[in-house]
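*Asks:* sequence first, predicted model second:
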There are 2 protein chains.
Amino acid sequence: TKEAISMASSSSLSPPKVPKELYFINREKVLNSLRQHLTETSRPLHGFVLLQGGEEQTRYCTDHLELFRQESYFAYLFGVREPGFYGTIDIATGKSILFAPRLPPDYAVWLGKIKPLSYFQEKYMVNMVYYTDEIVGVLQGHYKEPGKPLLFLLHGLNTDSNNFSKPAQFEGMEKFETELNTLHPILSECRVFKSDHELALIQFANDISSEAHVEVMKKTRVGMKEYQMESMFLHHTYMYGGCRHCSYTCICATGENRIANGIYVLWFSAVLHYGHAAAPNDRTFEDGDMALLDMGAEYQFYGSDITCSFPVNGKFTSDQSLIYNAVLKAHNAVINAMKPGVCWVDMHKLAEKIILESLKKGGVMVGNVDEMMAARLGAVFMPHGLGHFLGIDTHDPGGYPKGTERSKEPGLKSLRTVRELQERMVITVEPGCYFIDALLVPAMENESTSKFFNHEVIGRFKDFGGVRIESDVLVTANGSKNMTSVPREISDIEAIMAGAPWPSNKTAPSNS
Amino acid sequence: TKEAISMASSSSLSPPKVPKELYFINREKVLNSLRQHLTETSRPLHGFVLLQGGEEQTRYCTDHLELFRQESYFAYLFGVREPGFYGTIDIATGKSILFAPRLPPDYAVWLGKIKPLSYFQEKYMVNMVYYTDEIVGVLQGHYKEPGKPLLFLLHGLNTDSNNFSKPAQFEGMEKFETELNTLHPILSECRVFKSDHELALIQFANDISSEAHVEVMKKTRVGMKEYQMESMFLHHTYMYGGCRHCSYTCICATGENRIANGIYVLWFSAVLHYGHAAAPNDRTFEDGDMALLDMGAEYQFYGSDITCSFPVNGKFTSDQSLIYNAVLKAHNAVINAMKPGVCWVDMHKLAEKIILESLKKGGVMVGNVDEMMAARLGAVFMPHGLGHFLGIDTHDPGGYPKGTERSKEPGLKSLRTVRELQERMVITVEPGCYFIDALLVPAMENESTSKFFNHEVIGRFKDFGGVRIESDVLVTANGSKNMTSVPREISDIEAIMAGAPWPSNKTAPSNS
Ligand SMILES: [Mn+2]
Ligand SMILES: [Mn+2]
């Protein structure tokens, strides 16, 4: 019995150490890239990269402290987990400096063993640490050129949120020249290509999250609540993976309306939405429901983003199998086709095409698939983009660098990147197939597209909801590597839900 | 085996429904109180109470959505769980109106079954619901007096955070008169006295959190990490209690330095602190460590705040017993003494005195306890206040209404209220005894207080850390009722940690 209990709640994994060099390497990469850019544009190699870290937040007017999570660009360069810091890189010398908030004197008294600045110097592998109230003097002291020192600040558009990053601000800024246009694209581009150290963290986030997904599958039963799946996932990744944060709020959607809502939110951002405020995953599962679980843990700033879909009663119906296998086939085909030089838009279309072909085979659609593609019917079933970069942010930046443009076509306009794949990119592959009245009905009523739909068969899928399958995939030199390791075949899922073991450290498939 | 697994992770509780009248009753109470105040100050009974609800937040420049939690005053009056609302009460008619954000048109298209405004009217038991962009016209339409309609807005100091609440803002405000001084004290005072419906939610938050504390005690072992206790607590309260939020970030402190840090943070707010950013509960337990676990779940906005202290190896040493029992005696004595009319400052001093007496009995202190009290030595061992109001906020407002004043004396200055107890107040009773060099050393070196310390014995407690015992207590007509139900006696704790069962629904002790 004792053994059974510990088996029921254990893990083969344990949280790895974060190598200190990770942030050092990130800084070197950005420094080199910036220096190269300055050289190419005939500008002098001096000035400072200056970033401001995140601040702690209290809830409204109260003293309730929100859990702090570092701003992502700052995390990328300095890895600092504490609020209230600034960080700089001296472009001339390459030296890095952190500025730590000065602690209230009574804090020092209380704790006795207050952390000296050298603690941060060692912990984050920077050259120097000062207090934030010393920024002006320190930067002026390190600047060897005539005139005001030049600061490269972070200012640029996040193409997923349409928000701009906030440039560093501090008292005495008027003593500096500031430059807002150079740093953001360079830093974003550096973040697109993951180092080995970064990949190790993303891999661990994937490993622990994959294991947690399996844990949830094992325990899912008709009559449970959606939030109980979320709770099991969070517990597993925190208890055994030390993951205090998730990459994003878990989406545990069951039933057709919830799934449609979830998709809407995921790709269009809404005021009232699933998995957040109003409807916190509180539906009770009914026999016959499909569950769509989009959940990923974050480990030491680096995320994972994984979706599993399965029937809550543990047995796929033939309709559920039809749709599930259509999506799985698309998922696998994309991963197999991925390699450097392949365009992400083509991958999106490949997924659409395979799904439409499968729907045709299953009697849901009728006619020529190329004509369906030309009519953009793929977007009726998969209105969102195929995937997005993943890293310190779930929707990692760099999807639309200068020179690229967002499509205006259905489905394609929701793509978070249109780039060619390159080695060391990590991107999610998340095809889906959904039955959403708001999209289906107009297409089925449209004179020119009505003929492609088998109206009678589609009626069967009215309350189906949808299926999404999402893995995190690394682009390698010759192909790709799926970093996610969860059961995908229907036979595996059904076996696990019926109690069979799953080798959580089974080697992930690779086509490289 | 199956049974053992399910026993190991189950609960006797299930989340109760929230009665719709809860918010209706809260509004009536505030309306009556405001009308009475206006009458007493010879002002007309018209105008509107207008509050703005919380807005959804994204993380820095990204599209990462933070989990939404409604602003507490708004939650108190309207119970709305969605972001972006306004709410009003017409003082003349008593009618309540909610203003919901207008959904983007494509959202409506997507979901098909978009929630009509009447959904909110029914759900939150208000008289009318409009869209937020209709505020100006609707309020003007309901105002039957000449001149600009009068708005009573929320503006006042939170005496725990020293922040001011943010008055409602909307486009077209210049068409109204606004009044900032009246509403906040009235609304805060209403929140101090809990209705039966509110008490039921606080009781459930206590029940599920108590059960979770016991679950953690059962599973704690040397070699575990602090965050694993947090994970188990969060999981239990979410999985079985549907508690998506905690009242505050869990403090799972073990070892002396951590505990000192935790106390500092709890009462003085610091930049870098325990349980949050830098040191996320990641210490590994060693044999001999005391654990101090301050964790409470929030259920449907209403919180709990519970601290248990115990040795991680499951067996109290004699020194641990000495300090633990000193604190427990103070905890019990306070709860037994609590009743309407009793002053909270006296309760604080009662706790101090009992702790000092126990320390004297245990050979830690020497001499006359009244003299120690006069020298404020109680604050050396318990530098924080005895407790605080609890409700929709962990540190619920109303602690320092007009006419009361914060003490300047050690310990007493940290009190979050100095009021006389009244029926229906819910207040935490959380005496503690800690050995913190920064406080002990000066007192032991001070010429006039040195003699009270047995310097040799205190040396034994150098690495002790501390003990806190915290329960949530309701003031009843004739006494008090402890809403928290966790094992407090050393024999009970040791038995549970050794595997004995604990009756989670054992009746809580009451002195009323
Ligand atoms: Mn994704
Ligand atoms: Mn408390």
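*Replies:* That came in fine, so what should we check first? Ligands and ions are numbered 1, 2, ... in the order given.
*Asks:* ok, then the element right after the biggest helix by length in chain A?
*Replies:* What stands out as the longest helix in chain A, according to DSSP state H, is helix A:196-219. Where DSSP states H and E defines the elements, the next helix or strand beyond helix A:196-219 is helix A:226-239.
*Asks:* how about the very next helix or strand once past that next one and chain B, any contact?
*Replies:* Later in the chain than helix A:226-239, the nearest helix or strand by DSSP H and E is strand A:245-246. No - Strand A:245-246 does not reach chain B (C-beta under 8 Å from any C-beta of the partner chain); its nearest approach is 9.4 Å. Using the backbone N, CA and C atoms, a C-beta is placed for each residue, glycine as well.
*Asks:* so which elements touch strand A:245-246?
*Replies:* For strand A:245-246, the packing partners by 3 or more C-beta pairs under 8 Å, 6 or more residues apart in numbering or on different chains; DSSP states H and E come out as strand A:297-298.
*Asks:* which strands or helices does the longest helix of chain A pack on?
*Replies:* Against helix A:196-219 (3+ C-beta pairs under 8 Å, 6+ apart) you get helix A:21-40, helix A:226-239, strand A:290-295, strand A:297-298, strand A:306-311, strand A:471-475, helix A:490-497.
*Asks:* shaky segments in the stretch 401-512 of chain A?
*Replies:* Low-confidence segments of the stretch 401-512 of chain A, defined by pLDDT under 70: A:504-512.
*Asks:* contact residues of it facing ligand 1?
*Replies:* Residues of the stretch 401-512 of chain A found near ligand 1, taking C-beta under 5 Å from the ion as the criterion, are A:T428.
*Asks:* doesn't A:T178 lie inside a helix?
*Replies:* No - A:T178 is assigned strand when assessed by DSSP: H, G, I helix; E, B strand; the rest coil, not a helix.
*Asks:* measure it to chain B for me?
*Replies:* 18 Å (C-beta to the nearest C-beta, to the nearest Å).
*Asks:* that residue reaches A:P167, doesn't it?
*Replies:* Yes - here A:T178 reaches A:P167: they are 7.3 Å apart, a contact under C-beta atoms under 8 Å.
*Asks:* quick check on A:Y130: phi, psi?
*Replies:* phi -130, psi -180 (degrees, to the nearest 10).
*Asks:* is it true that it touches A:V136?
*Replies:* No - if you go by C-beta under 8 Å, A:Y130 and A:V136 don't touch, sitting 10.7 Å apart.
*Asks:* overlap in contacts, the two.
*Replies:* By C-beta atoms under 8 Å, 6 or more residues apart in numbering or on different chains, A:Y130 and A:V136 have no common neighbours.
*Asks:* give the contact list for the nearest residue to A:R35 once chain neighbours are set aside.
*Replies:* The shortest distance from A:R35 to any residue other than its chain neighbours is 5.6 Å, reached at A:L45 (C-beta to C-beta, 6 or more residues apart in numbering or on different chains). By C-beta under 8 Å, 6+ apart, the contact list for A:L45 reads A:R35, A:L38, A:T39, A:I91, A:A92.
*Asks:* pretty sure A:E174 is in a strand, no?
*Replies:* No - the assignment for A:E174 (three-state DSSP) gives helix, which keeps it out of a strand.
*Asks:* count the neighbours of it for me.
*Replies:* 8 (other C-beta atoms under 10 Å in any protein chain shown).
*Asks:* wait, a helix at A:K349?
*Replies:* Yes - counting by three-state DSSP, A:K349 is part of a helix.
*Asks:* how far away is it from A:L415?
*Replies:* 10 Å (C-beta to C-beta, to the nearest Å).
*Asks:* before we move on, what about A:F68?
*Replies:* 32 Å.
*Asks:* tell me if I'm right that A:S188 and A:G399 touch.
*Replies:* No - look at A:S188 against A:G399 with C-beta under 8 Å: they stay out of range, at 9.1 Å.
*Asks:* what about A:T178 and A:P167, which has more around it?
*Replies:* A count of neighbours by other C-beta under 10 Å puts A:P167 above the other of A:T178 and A:P167, at 20 against 17.
*Asks:* thinking the more buried one is in contact with A:H155, fair?
*Replies:* Yes - A:P167 lies in contact with A:H155 (C-beta under 8 Å); the separation is 4.7 Å.
*Asks:* part of a helix, is A:V138?
*Replies:* Yes - assessed with three-state DSSP, A:V138 lies in a helix.
*Asks:* thinking again about what came up before, quickly list what's touching both of A:P167 and A:H155.
*Replies:* Joint contacts of A:P167 and A:H155 (C-beta under 8 Å, 6+ apart) are A:L180.
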